[in-house]
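J.: Dropping a prediction and its sequence here:
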Amino acid sequence: MPTTADPLAALGALPGVADSVESVRGAVDRVYGHRVMRRRSSEVTAEAVLRGARASAALGGADWPLEEVRRRSDFGADAEARTVGAALRATAEAGHLLDVWRQSPLRVLARLHLVAAGGDLAGTGREPSASAGDRVGRPRLAGEPVTEPLADGLPLPDAAEVSARLDGLAQVVVADTSAPALVTAAVVHGELMALRPFGTHNGVVARAAGRIVLIAGGLDPKSVCPAEVGHAEQGADAYLEALRGYLSGTPEGMAAWIAHCGRAVELGARESTAVCEALQRGAA
C-alpha cells in the first residue's frame, strides 16, 4: 500500500478505479431502489447473508448447492461441512461487529476467526487440544502452520511480518480517509488474504471483513449486496489472478484487484435484485 498521509485515497485515484466505484454505486442503488426493499429489506438481508456464506465456503473448497446449505443444521460432520459452518457463522457475525470495527479492527478479526474456527472439532468425537484451542482467535506465531488451499501457491509472510502489517492495516482502517468504501474493502480483503494471519479460515475471515467495510462505509448499509457471490461467480482462478495483482503492489495490479472486487459487489447486487424480484412474485 502507498505510504502517503491518506494511502487509500491514493489508491482511489488509480486509473480505472473511479469508474469501478461509479459502476458499483449504480448497481447498489438499483437494489436499494427496488420496491421490495421498502418493506421486506430484512428478508433480502437474510438471504444475502446465506448466499454470501455459501459462496465464501465455495471459494474455500466446499461448493454446496444453496438449498443444501439452507436445509442443513449439522456442520461438523466432515471438512467440507466445517468450512460451510465457518462461513455461515463468520458472515452472520459480521453484521454485529460494526461499532467495534471502527475502533479496533484487530479485535474484530480475532472475533471472526473465533466464530469461524469454533466448530472445527464439532462432530469429530475429539476434544480440542490445548494447542489447537490456543491458536483460535489470534494471529499465528513463528512455525505454526497455515491451511488455506485456495492460496497455497502464494508467498506466505512470516509471523513477524504478519504482526507488523496487521498493525499497519488497523491504523489505516481507523484513520480518516476520503477513499470510497469499495477501495477500503478491497484493501482489507486483499491484505488479509496476503497475510493469512490465522492458522485456518483466512479466506472466510477476509471476505467477512470486507463485508463489514462495505456496511460500515455506507456503500451497503443493509448488507444486501453479497460480494462473496460475485467472487465465486467470477471463479477461483480469476480471484487468484486478481489477488496476485494486489500482491504485486504495482498500480496496475492494485487497480485490477479493486476492479475485481467492484465487479464482485455488482454481481452480488444483481443476485439480490433477483431475490427482490422473486419476493415480489411470491416465489421466495
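T.: Arrived safely, thanks for sending.
J.: And the strands in this structure?
T.: Under the criterion DSSP state E, the chain contains no strands.
J.: Can you report how many residues lie near residue 40?
T.: 16 (other CB atoms under 10 Å). (Glycine included, C-beta is placed from N, CA and C.)
J.: quick one: it and residue 279 touch, right?
T.: Yes: applying CB atoms under 8 Å, one finds residue 40 in contact with residue 279, separated by 5.8 Å.
J.: residues contacting residue 154?
T.: 193, 194, 240, 243, 244, 247 (CB atoms under 8 Å, 6 or more residues apart in numbering).
J.: Among those residues, name the buried ones.
T.: 193, 194, 240, 243, 247 (16 or more other CB atoms under 10 Å).
J.: Quick check: the last one vs residue 257, distance?
T.: The one in question is residue 247. 9 Å (CB to CB, to the nearest Å).
J.: any common contacting residues for the two?
T.: With CB under 8 Å, 6+ apart, residue 247 and residue 257 have common neighbours residue 190.
J.: coming back round to it: biggest separation within the contacts of residue 154, which pair?
T.: 194 and 240 (11.9 Å; CB to CB).
J.: circling back to that earlier point, any chance of the buried ones among the contacts of residue 154 in CSV, plus distance to residue 73 and pLDDT?
T.: Formatted as CSV, the buried ones among the contacts of residue 154 follow (distance: CB to CB, whole Å; pLDDT from 0 to 100):
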residue, distance to residue 73, pLDDT
193, 30, 98
194, 35, 98
240, 32, 97
243, 33, 98
247, 38, 98
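J.: Among those, which ones are in helices?
T.: 193, 194, 240, 243, 247 (DSSP state H).
J.: my guess is the third one meets residue 150, correct?
T.: Yes: contact between residue 240 and residue 150 holds when scored by CB under 8 Å: they sit 7.0 Å apart.
J.: Look at the closest residue to residue 63 other than its chain neighbours and say how many residues are nearby.
T.: The shortest distance from residue 63 to any non-neighbouring residue, by CB to CB, 6 or more residues apart in numbering, is to residue 57 (7.5 Å). When neighbours are defined as other CB under 10 Å, residue 57 has 30 of them.
J.: which residue packs closest to residue 221, ignoring adjacent ones?
T.: residue 215 (5.9 Å).
J.: Name all residues that make contact with the one you found.
T.: 94, 95, 98, 221, 222, 223 are the contacts of residue 215 under CB under 8 Å, 6+ apart.
J.: Show me where this protein dips below the pLDDT cut-off.
T.: Low-confidence segments of the chain, defined by pLDDT under 70, span residues 1-4, 119-133, 283-284.
J.: Where do the helices of it begin and end?
T.: 7-12, 17-32, 37-59, 66-71, 79-94, 98-103, 105-117, 130-135, 159-174, 181-195, 202-216, 227-234, 236-248, 251-281.
J.: Can I get the second one in PDB? Just the C-alpha atoms.
T.: As requested, C-alpha coordinates have been extracted for helix 17-32 and formatted as PDB (Å, rounded to 0.1, in the frame of the first residue of the first chain):
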ATOM      1  CA  VAL A  17     -10.800   2.900 -10.000                       C
ATOM      2  CA  ALA A  18     -13.200   5.800 -10.200                       C
ATOM      3  CA  ASP A  19     -15.100   4.100 -13.000                       C
ATOM      4  CA  SER A  20     -15.400   0.900 -10.900                       C
ATOM      5  CA  VAL A  21     -16.700   2.900  -7.900                       C
ATOM      6  CA  GLU A  22     -19.300   4.600 -10.100                       C
ATOM      7  CA  SER A  23     -20.400   1.300 -11.600                       C
ATOM      8  CA  VAL A  24     -20.700  -0.300  -8.200                       C
ATOM      9  CA  ARG A  25     -22.600   2.600  -6.800                       C
ATOM     10  CA  GLY A  26     -25.200   2.400  -9.600                       C
ATOM     11  CA  ALA A  27     -25.600  -1.400  -9.100                       C
ATOM     12  CA  VAL A  28     -26.100  -1.000  -5.300                       C
ATOM     13  CA  ASP A  29     -28.600   1.900  -5.800                       C
ATOM     14  CA  ARG A  30     -30.700  -0.200  -8.100                       C
ATOM     15  CA  VAL A  31     -31.100  -2.800  -5.400                       C
ATOM     16  CA  TYR A  32     -31.900  -0.200  -2.700                       C
END
